Every structure is written in structure tokens, then in C-alpha cells.
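> my questions are about this predicted structure, shown below with the sequence.
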Amino acid sequence: MEVDCIAERQFWRSRYAFVMAAIGSAVGLGNVWRFPFVCYKNGGGAFLIPYLIALFTTGIPLMILEFSLGHWARGSPPYCFLKANKKFEWIGWFASLAPFVIASYYTVVMAWCFAYMIYSIDLRWGSDANLFFLKHFLNATRSPAEIGSIQIPVLLGLVVVWFSIFVILYKGVSRIGKVVAVTVPLPTILLVILTIRGLTLPGAMEGIDYYLTPDFSKLSHFKVWLSAYAQVFFSLSLAQGILITYASFLRKESDITNNAFIISLADAGTSFLAGFAVFSIVGYLSLMKGIGIENLGLAGPHLTFVTYPTAISLLPFGAWLFGMIFYIALLAFGIDSAFSMIEPLATSINSKWKFSKGKATAIACALGFLSSLIFVTSSGIYWLDIVDHFVANFCLVLIGLLECISLGYLFDLKKLREHANEVSDITIGRWWDFLIKFVAPLSLLTLLVASVVENISVPYNNYPTWCLLVGGVMPGAMIFILSFIFANR
Amino acid sequence: MSILAIVMLIFGSLVIYGGLIYFIYRALKSKK
């Protein structure tokens, strides 16, 4: 049985440090390369309606739930679930291991950003950013089955990223507080600069039109609502043990509910702003190249490493500077999310096996670095795509569902509500119980079923079945089994 | 920019940034 020593636990130096750390964790690459595209694809400005409804009916209630659990139980995620019910410890391990898997490829994308930040100096991608990214930079093979060799520039970037994570985490939350004081406001300021620059370019307004002109007919599509709930769920760092861990470092009298509102709205605000930075420059690129916006890569790595660099190269002046600003912003957005994904596992190791915080962090970072190596090979981009798809759509949604069921039905949820109300300025009523017991699990269950149906009917991106089993099913199954093993040791 | 896009811009900004400012104000007022 795990025992957490509260006396030895560190605390956030201030409310500001906690809020910034949680915002840093929630705001990441997805706010820039996912939200604007999802918004455009699902009815433009009309998407804001289901998105905000999802935020207030599932995102914020789940965040309050995780904060309340962490603050009430005061321990690592496995300990918090154990305190709720001794049979639940494995859920905490599951929630700590899932973000660790995500960090293994998330850090590789950051390594790409790191390399591109340096390449921005001489706009190394030249006139064909797509060719440069896939052939010269990644040396991508034709399928995940051809593993290929390790790409040295990516590996060097990866070493820098993992070393940074270790340095930030090994001293505990006091250092995290100092780091996020810079890495949260800085990229937001840079994003504002990029937005202003983007809006002053010809064609920018056409881009913004694509982003925001509402198509209200899409609100009758079930898939649009599903996308809204998925966007909110994946963006807020929910079901990853992160918010539970961070809240466990709050002082006894710290606020929970108001903080959850601030953090969620700051995350939504960054996503909304990022849409202007992305679509203004995409509008400019569309005008300069004479290509329809819908035919440009508007999401994921293609947006970041092909579309955006192409547009940057076409800027009339200061192209290198805006390239650097873009990739520094991504790195700063990403680093807070990356280290927050390691923190739950490091805290859990520290708590369960009584390793020092430094040693537990070193173990987690070393294992994370080794897990990242497959994504540094020439086939890494495919494996990254596969693992991301399955871990996010299955593991995280399943953990969210387990949280709702275990705490909503097999535990006295009222205890957590009363705990949150005792310390918070804003009190929550029984409506919160209803959202946790019915609305959140129903939306997560729908997401899970939709993912299962979609993946059974068509193999994801037409990858070979064995690749989907190895890259998709195996990591999920492994962390699921490990959760039980760790919980029973 | 189309009128509808401007309407959605105002709507999104009001709810998201207005809400954010309101909750930050409450946090500052509480002095916790």
C-alpha cells in the first residue's frame, strides 16, 4: 500500500504559480495546430457555440473534479485514487502512465520545432518546404514498416528537450513556478505579435473569414458536437493525472473552482487567438500562391512545418525573425505541457518507492528519452501519428470515463464538492454532481464508441494492421497492465 | 470580413475574454 508523506510535500509559492503552471500544461501545440482547423472544419464561428457548451458542461466540471481530488487527498494520482477507494489505485497509475507515453512523441515534435527555430535564421526549407521537411529533414520512409535510420538533427533537439525537462522538474514545484512565470506569458505575447503581423498582410481578412464565418447548419451535425467535446477534453490536460498532481501541491486554503474557470478560459482564449495567427497568414499564403485555403495544410505537423514556413518565406521583410518568433512560441507553449506530462509519473515513483524527487525524475526522463527514440527514426512521423491517435482517442477517453464512474458512482462525490466549496470563492451546487455523473461520462462514452466504430470500419490512415497493433494497441495495453502491476506491488 | 464573422468574433471575445477577466477580477478581490 502506498503512503504519501504530506510533511515532505512541496507547495506552490503562490496562487499565480499554480494557475500559470496549469495554464502552461493545458496550452500546448494543440491550441495552435488543432483548434483553428477544428473550428474552421466544423462550422467556423458557429463551432464556438458547441465548443463553449462543451467547455462549461464537461471541461470545467472535470477540471474541478481533478483539482478537488488532488487537493483533498494530497498525493500522487495513484495515492489520490487509493484514498478514494483502495481498489482504485490502478486508475491513478493508468492516468500517470498515459501522459508519459504522450510525452515520448510530444518531445520529438518539440525537437522538430527546436531544429526549425535554428533553420529560420537562413530559411533553410527554401522554396519547397514540403520536400525539405519530409525528405531532407526527416528523411521519411514510405511506410512505418520501413524503420530507417535515426535522424541526428532530431536526436540533438530531443536531447536538449529531455534535458530541459529534467532540469525543470528535478527540484520540484518551486522551480516549475519560476519557469512558468516566463514560459506562459512569453509565447502568448509572441502569438499576439504574430497575429498583428499576420493581420497586416494582404489576404489576411479572407483567411479570417474562413476561420470565423459561421455555418449554422453544421450545428445539426452530431459529429460537430463530438468534435467540440473532443477538443475541450484533449486541450485541458484532463485525465492525465497532471491536474491531480498539481492540485496536490496547493496549500490547504487554496481556491479550486475559480482557478478552474480561469485556467479553462485562458486555454480557450489562447486557442481562439491562435486561430487569428494561423488563418491570417494562411490567407496571405493563399493569395500569394493562388491556391484555395481549403487546399492548404491547415493542421498538425503539415501546418507547422510546411504551410507556415512557406508563408514565412514569402514575407516582404523580417521573414527569419517571424520564423524564429513562431518556433520559439511553439517551444515555450510545448515545454510546459511536456514537463507536466512527466510530473505525475515522477511524483508517483517518488511516492510509491520512496525515491528522492531528483532520482524519480531522472528515472522518468531516462525512460521517456529511450521511448522517444523510435520517433526519431525516418519512420518516426508515422509511428507518432499512430501512437497519438490511439493513446488520445482510447486511453485518455477511457481514463476520463473511469474517473467519472469511480468518483461519481463508487465514491461519495458530495465529499469532493463540499471540499471544493470549503476552500473556493465560487460554490458549486448539485448541478456539478449531475454533470460529473451523467453529462461528462455520456460525452466520453460517445467519443469512445465513435472511435471504436471508426477504427473498426476503416484502418486508421490505411496503415498496415500490424503497425496499428504495435503502435496503437500495444502501448495502451502495456500501460493498462502496468497500472495493475504497480498498484499491487 | 463578413458581418457574420465579425458577430462571431465579438461573441467569442465577449464570452471567453470577458469571462476570463471576470474570474481574474474575482480572484484578485478574494486576496487568497
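Sure, I can see it.

> which bits of chain A sit near chain B?
Residues of chain A found near chain B (Cβ under 8 Å from any Cβ of the partner chain) are A:15, A:44-46, A:48, A:52, A:205, A:208-209, A:211-214, A:253-255, A:258-259, A:261-262, A:265-266, A:268-269, A:272, A:425-426. Quick note: C-beta positions are derived from backbone N, CA and C, even for glycine.

> narrow these to those in helices?
A:15, A:48, A:52, A:205, A:208-209, A:211-212, A:258-259, A:261-262, A:265-266, A:268-269, A:272 (DSSP state H).

> of those residues, just the buried ones, ChimeraX syntax please.
Selection command for ChimeraX covering only the buried members of these, criterion 16 or more other Cβ atoms under 10 Å in any protein chain shown:
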select /A:15,48,52,205,208,209,211,212,258,259,261,262,265,266,268,269,272
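
> run through the neighbouring helices and strands of the helix or strand containing residue A:453.
Secondary-structure assignment from DSSP states H and E places residue A:453 in helix A:440-457. Helix A:440-457 is packed against helix A:222-235, helix A:397-408, with contacts defined by 3 or more Cβ pairs under 8 Å, 6 or more residues apart in numbering or on different chains; DSSP states H and E.

> need the contact partners of the last one.
Residues from elsewhere that reach helix A:397-408, judged by Cβ atoms under 8 Å, 6 or more residues apart in numbering or on different chains: A:62, A:65-66, A:69, A:81, A:84-85, A:88, A:91, A:94-95, A:98, A:233, A:238-240, A:413, A:416, A:433, A:436-437, A:440-441, A:444-445, A:447-448, A:451.

> next step: those residues restricted to strands.
Among the contacts of helix A:397-408, DSSP state E puts none in strands.

> from these, which would you call buried?
Buried among the contacts of helix A:397-408 by 16+ other Cβ under 10 Å: A:62, A:65-66, A:69, A:81, A:84, A:88, A:91, A:94-95, A:98, A:233, A:238-240, A:413, A:416, A:433, A:436-437, A:440-441, A:444-445, A:447-448, A:451.

> still on that earlier bit, comparing the helices and strands packed on helix A:440-457, which gets the lowest mean pLDDT score?
Sorting the helices and strands packed on helix A:440-457 by mean pLDDT places helix A:222-235 lowest, at a mean of 92.

> and it, what's buried?
A:224, A:225, A:226, A:227, A:228, A:229, A:230, A:231, A:232, A:233, A:234, A:235.

> which residues touch it?
By Cβ under 8 Å, 6+ apart, helix A:222-235 touches A:26, A:30-31, A:34-35, A:38, A:41-43, A:47, A:50-51, A:53-55, A:58-59, A:62, A:218-219, A:239, A:267, A:271, A:392, A:396-397, A:400, A:443-444, A:446-447, A:450.

> between the buried residues of helix A:222-235, which is nearest residue A:457?
Among these, residue A:226 lies closest to residue A:457 (Cβ to Cβ), at 15.7 Å.

> against chain B, how distant is the closest one?
With distances taken as Cβ to the nearest Cβ, to the nearest Å, residue A:226 is found 20 Å from chain B.

> okay, now the unreliable bits of chain B?
B:32 (pLDDT under 70).

> near chain A, which residues of it?
B:1-2, B:4-5, B:7-9, B:11-13, B:15-17, B:19-20, B:23-24, B:26-27, B:30, B:32.

> among those residues, which lie within helices?
Among those, the members found in helices (DSSP H) are B:4-5, B:7-9, B:11-13, B:19-20, B:23-24, B:26-27, B:30.

> coming back round to it: so for residue A:110, which of the helices and strands packed on helix A:440-457 sits nearest?
helix A:222-235 (17.5 Å).

> chain center to the closest one: distance?
Helix A:222-235 sits 14 Å away from the centroid of its parent chain (Cα atoms, centre = their mean, to the nearest Å).

> I'd like the next helix or strand past it.
helix A:242-248.

> hmm, who's touching that following helix?
A:9, A:18, A:21-22, A:25, A:63, A:66-71, A:73-77, A:80, A:92, A:95, A:99, A:237, A:256, A:340-341, A:343-344, A:347.

> re earlier: so which of the helices and strands packed on helix A:440-457 comes closest to residue A:331?
Between residue A:331 and the helices and strands packed on helix A:440-457, the shortest gap by Cβ to Cβ is with helix A:222-235, which sits at 18.6 Å.

> residues near the closest residue to chain A within chain B, how many?
Chain A sits closest to residue B:8 of chain B, with a gap of 2.6 Å, by Cβ to the nearest Cβ. Neighbour count for residue B:8, taken as other Cβ atoms under 10 Å in any protein chain shown: 23.

> what's the spacing between it and residue A:256?
For residue B:8, the distance to residue A:256 (Cβ to Cβ, to the nearest Å) stands at 32 Å.

> which of the helices and strands packed on helix A:440-457 sits closest to residue A:289?
Per Cβ to Cβ, nearest to residue A:289 of these: helix A:222-235, 28.1 Å.

> angle of that closest one against helix A:440-457?
Angle of helix A:222-235 versus helix A:440-457, following axes from the mean of the first three to the mean of the last three Cα atoms, to 10 degrees, is 110 degrees.

> just the angle for helix A:222-235 relative to helix A:397-408, thanks.
80 degrees.

> just the CA trace of helix A:222-235, in CSV.
Extracted C-alpha coordinates of helix A:222-235, given in CSV (Å, rounded to 0.1, in the frame of the first residue of the first chain):
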residue,chain,number,x,y,z
PHE,A,222,-23.7,15.1,-34.5
LYS,A,223,-20.0,15.0,-35.5
VAL,A,224,-19.6,18.7,-34.9
TRP,A,225,-20.7,18.4,-31.3
LEU,A,226,-18.5,15.3,-30.9
SER,A,227,-15.5,17.4,-32.2
ALA,A,228,-16.3,20.1,-29.7
TYR,A,229,-16.3,17.7,-26.7
ALA,A,230,-13.1,16.1,-28.0
GLN,A,231,-11.4,19.4,-28.5
VAL,A,232,-12.2,20.6,-24.9
PHE,A,233,-11.3,17.2,-23.4
PHE,A,234,-7.9,16.9,-25.1
SER,A,235,-7.0,20.6,-24.7
